[in-house]
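Participant: Need coordinates for the below:
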Amino acid sequence: MRTKGKILMNGLIYRLVLCIVVIVSLLALRLERSMMQNASLFIAPPAWSYDGSRVALIDETTVLIYEVVSGSLLHRLEGHTDRINRVNWSPTTLNLASASADQTVKIWNGDTGIQLHNLTGHNEEVIHVIWSTDGTQLISSGVENNPNLLVWDSQTGVLKGSTQAGTIVDAAFSPNGEVLAISYSLGLSLHNGQTLQRTIHQSPKLCCDNRMEALAWSPDGNQIVTGSISGSIIVWDAATLLEINQFPANVHYKPDAYNIPDLTLSFVRDLTFGSDGSLQTVSGDGTIRRLSLDGRLIEEIQIGQLTTAAWSPYGARLAIQGLADPSLPTTSASSNSLLQIVTPYASLEYLQSLTQVCVRVTSLEQVLPPVTDLTILPKFTTQIEALSDDQIPPGCKADLLAVAQAIQATE
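Facilitator: All right, here's what the predicted structure looks like:
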């Protein structure tokens, strides 16, 4: 009996060990797949200058600055000794900042290509950089424990303060600049725009249904929208961080990202609010969607698989890296092998809604006539080109001209 019992016990132990081995093997395969995809998954998006005239790309330890209209390479910004994780332009000038694994942040003049400041103060790699809405301060985020959020005077390069806020994946100031929303991948928090002290925190989920990699504020500041690697879009109440709605950005969406065969396809690369108030998203599989905040699909365009992408300041153009089919009719003639500029919405209706946004910003009701048919486009384009930066935000002007050009090209 003892021998029989021992055999049964050994059998149970064997089955238990076998189950553990199988589970560990499955987890290891998941982890291996995730690590193999990381090289093409977590790639920093292109960065638009505030006036929509330039786009910055990251090439290992170098920042490449392209002129959008001509597609020409203006500058190679070299100086970092380890990979660059993020680059962002000032919202008011042609200065830009780069965050690197070499533990430094550099501020550059994107017009001349000259390095202005080398900011040292982090003791681990720097993941992200965010400019204040007036461009006077630069916030850098590192992976160290405390403090990891450093605030710099962007004019002098002097460290002004520091606090703890976790490792930032994406962040954006509210339209009025009073609140900073920060995504930590699985969590979301709001911070005072002046002190950076956390005011509200949305507890992270366990894993891995909503790894948030893109974030945007609604124009009225009442909602925050996030996009995840699983293809999920979540609309949050900006006052409480309570979830309002959730819906997919593409056909690859699954609640658990580990159940998606190829995360490069489901990944929501960027999102923004269009001139008509709709949400515009772009995913790794090349799906571009316009959606209402209740998830209703307004329009969908397929442009083919891409590596990463970013919407222009006023949302009319897309800067794309790694576009599978760069010969698309919506692709700008200025595109090159590394960067493609796409104007997805080439319609009079979209042009008119974008014009109304510019009018609200600059009070140009008497200057810009309604664009009701194609015969008005040449006069409209001439009038837009004649406007100064004091009369119209340069980023809005650039997007208007791009949409008008795209409409004429399709006729």
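
Participant: From now on I want contacts and neighbour counts done on CA atoms only, so please keep to that.
Facilitator: Will do.

Participant: Could you list the low-pLDDT ranges of the stretch 151-300 of the chain?
Facilitator: Along the stretch 151-300 of the chain, the parts satisfying pLDDT under 70 run over 204-210.

Participant: Spell out, range by range, the helices that occur in it.
Facilitator: For the stretch 151-300 of the chain, the helices identified by DSSP state H, counting those that start in this stretch occupy 263-266, in order along the chain.

Participant: May I see the domains of the chain written out as residue ranges?
Facilitator: Segmentation of the chain into domains, based on automatic domain parsing, reads 1-41, 348-410.

Participant: Just confirm V357 is within a helix.
Facilitator: Yes - the assignment for V357 by DSSP: H, G, I helix; E, B strand; the rest coil puts it in a helix.

Participant: number of nearby residues for the nearest residue in space to it that is not next to it in sequence?
Facilitator: For V357, ignoring the flanking residues on the chain, the nearest one in space by C-alpha to C-alpha, 6 or more residues apart in numbering is S275 at 6.2 Å. S275: 21 surrounding residues under other C-alpha atoms under 10 Å.

Participant: State the distance from S275 to T381.
Facilitator: Shown here: S275 relative to T381, a distance of 18 Å by C-alpha to C-alpha, to the nearest Å.

Participant: which residues sit in contact with the residue positioned nearest the centre of the chain?
Facilitator: A centroid search over the chain (C-alpha atoms, centre = their mean) returns D270, at 4.4 Å, as the residue closest to the centre. For D270, the contacting residues are 214-215, 227, 281-283, 309-311, by C-alpha atoms under 8 Å, 6 or more residues apart in numbering.

Participant: please redo it, this time with the cut-off set to 6 Å
Facilitator: When contacts are counted by C-alpha atoms under 6 Å, 6 or more residues apart in numbering, D270 is found next to 214, 281-282, 310.

Participant: and it, bridged to which residues?
Facilitator: V282 (DSSP bridges).

Participant: same check, this time on A319
Facilitator: On the basis of DSSP bridges, A319 is bridged to A310, I341.

Participant: so it touches I341, yeah?
Facilitator: Yes - under the criterion of C-alpha atoms under 6 Å, A319 is in contact with I341, at a separation of 4.8 Å.

Participant: neighbour count winner among the two?
Facilitator: Counting neighbours by other C-alpha under 10 Å for A319 and for I341 shows that I341 has the greater number, 28 against 25.

Participant: mean pLDDT lowest for which of the domains of the chain?
Facilitator: Confidence, taken as mean pLDDT, is least for domain 1-41 of those (a mean of 52).

Participant: On the three-state scheme, F380 is what?
Facilitator: When classified by three-state DSSP, F380 comes out as helix.

Participant: Then the one 4 residues further on?
Facilitator: The three-state label for I384, taken from three-state DSSP, comes out as helix.

Participant: so how far is S98 from the residue nearest to it when sequence neighbours are not counted?
Facilitator: Closest residue to I384 apart from its sequence neighbours, by C-alpha to C-alpha, 6+ apart: K397 at 6.8 Å. Applying C-alpha to C-alpha, one obtains 27 Å for the distance of K397 from S98.

Participant: and these two? which has more neighbours close in?
Facilitator: Neighbours per residue, other C-alpha under 10 Å: of K397 and S98, the larger number sits with S98, 28 against 23.

Participant: Quickly list what the more buried one is bridged to.
Facilitator: The residues listed as beta-bridge partners of S98 by DSSP bridges are V87, K106.

Participant: Please verify my assumption that it contacts W108.
Facilitator: No - in this structure, S98 sits apart from W108 without contact. The criterion is C-alpha under 6 Å, and the distance is 8.2 Å.

Participant: For E300, the count of nearby residues, please.
Facilitator: Tallying neighbours of E300 according to other C-alpha under 10 Å, which is how burial is gauged here, yields 15.

Participant: does I301 count as helix, strand or coil?
Facilitator: For I301, the reduced secondary structure class is strand; criterion used: three-state DSSP.

Participant: all helices for the stretch 301-411 of the chain, in order.
Facilitator: Along the stretch 301-411 of the chain, the segments classed as helices by DSSP H, counting those that start in this stretch run 348-362, 377-386, 394-410.

Participant: CSV for those helices, including distance to S140?
Facilitator: Formatted as CSV, the helices of the stretch 301-411 of the chain follow (distance: least, C-alpha to C-alpha, whole Å):
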stretch, distance to S140
helix 348-362, 30
helix 377-386, 37
helix 394-410, 25
